[in-house]
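K.L.:
Have a look at this fold, sequence not included:
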């Protein structure tokens, strides 16, 4: 399977614990995005990387959240001191380099990591 | 601020009947528009996209959507719904100023009755 993969698919943790999620994008996709989706809502943008550089962070990304993409391939999203409000589906998406023939390529989404904070 | 509105939270359609899911956007310029589908336990799959040109776009699985600038709408249609189309559908707009991150509507859940 050459799609976007995420690990783990499900994570249950207690409030106050730290959690880390991993995303492996489609090979050669230089842009990687993290979104959060809560029940009854559409996905909300958290942050994105172009290669290894984190170029944008939304206001949703509090100080307890940190994301990395150290070698421009896989990415990790860490949440420190989890709160019950962090319970959500965390989605990763990747996008190929922009080309003249397709100025705005679509984003390809992974299956998500569902986080439950007790 | 840019936003996407999907007025219908839940729609039920009989199998074989036609379908239209509504999407309205608020944006300062002509946006890039997308429809995604999400089945339980699955990631988001792109159905179709509009960037420019012909305002009627064809997508996968027999879906189409029409961009109407005057109404700021991008409604999704299918002439004959199949039971396998039951899923959640999201309309999205590209936010160009933020690295082309997507802004999603809240989604419409489609149920298909036999």
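P.N.:
Alright, I've got the coordinates. Please read all numbers here as calculations on a predicted model, not as lab measurements.
K.L.:
Which positions in chain B make contact with chain A?
P.N.:
B:4, B:32, B:34, B:36, B:41-46, B:49, B:51, B:90, B:92, B:94-95, B:98-107 (C-beta under 8 Å from any C-beta of the partner chain). Backbone N, C-alpha and C define where each C-beta goes, glycine included.
K.L.:
nearest residue to residue A:27 other than its sequence neighbours?
P.N.:
Nearest non-adjacent residue to residue A:27, counting by C-beta to C-beta, 6 or more residues apart in numbering or on different chains: residue A:2, 6.9 Å away.
K.L.:
Surely the one you found and residue A:24 touch.
P.N.:
No: the pair residue A:2 / residue A:24 is not scored as a contact, 10.3 Å apart, by C-beta atoms under 8 Å.
K.L.:
more neighbours, these two?
P.N.:
Shown here are residue A:2 and residue A:24; by other C-beta atoms under 10 Å in any protein chain shown, residue A:24 has more neighbours (17 against 7).
K.L.:
on that earlier part again, mark which of the residues of chain B next to chain A are buried, thanks.
P.N.:
Buried residues within the residues of chain B next to chain A, counting neighbours by 16 or more other C-beta atoms under 10 Å in any protein chain shown: B:4, B:32, B:34, B:36, B:43-44, B:46, B:49, B:90, B:92, B:94-95, B:98-105, B:107.
K.L.:
Return the subset of these lying in strands.
P.N.:
Per DSSP state E, strands hold the following members of those: B:4, B:34, B:36, B:44, B:46, B:49, B:90, B:92, B:94-95, B:101-104.
K.L.:
Check pLDDT for the residues you listed and point me to the minimum.
P.N.:
Taking those together, the minimum pLDDT is found at residue B:95 (64).
K.L.:
which non-adjacent residue is nearest the closest residue to chain A within chain B?
P.N.:
Of all residues in chain B, the one sitting closest to chain A is residue B:104 (3.1 Å; C-beta to the nearest C-beta). Leaving aside its sequence neighbours, residue B:104 sits nearest to residue A:42 (C-beta to C-beta, 6+ apart; 3.1 Å).
K.L.:
Provide the secondary structure category for that neighbour.
P.N.:
The local conformation at residue A:42, judged by DSSP: H, G, I helix; E, B strand; the rest coil, is coil.
K.L.:
Distance check, it against residue B:109.
P.N.:
Look at residue A:42 and residue B:109: by C-beta to C-beta, to the nearest Å, they are 12 Å apart.
K.L.:
Who has more neighbours out of the two?
P.N.:
The neighbour comparison of residue A:42 against residue B:109 (other C-beta under 10 Å) goes to residue A:42, with 22 against 15.
K.L.:
Surely that one is in contact with residue B:88?
P.N.:
No: counting by C-beta under 8 Å, residue A:42 stays clear of residue B:88, with 9.1 Å between them.
K.L.:
Quick check: chain neighbours aside, which residue is closest to residue A:92?
P.N.:
Leaving aside its sequence neighbours, residue A:92 sits nearest to residue A:23 (C-beta to C-beta, 6+ apart; 3.4 Å).
K.L.:
no, scratch that, I was asking about residue A:44
P.N.:
Spatially, and ignoring its direct neighbours in sequence, residue A:44 is nearest to residue A:36 (5.3 Å; C-beta to C-beta, 6+ apart).
K.L.:
Below-threshold pLDDT in chain B: ranges please.
P.N.:
Scanning chain B for pLDDT under 70 picks out the ranges B:30, B:95-99.
K.L.:
all strands for chain A, in order.
P.N.:
A:5-7, A:10-13, A:19-24, A:31-37, A:44-50, A:53-57, A:65-68, A:75-79, A:88-95, A:108-109, A:113-117.
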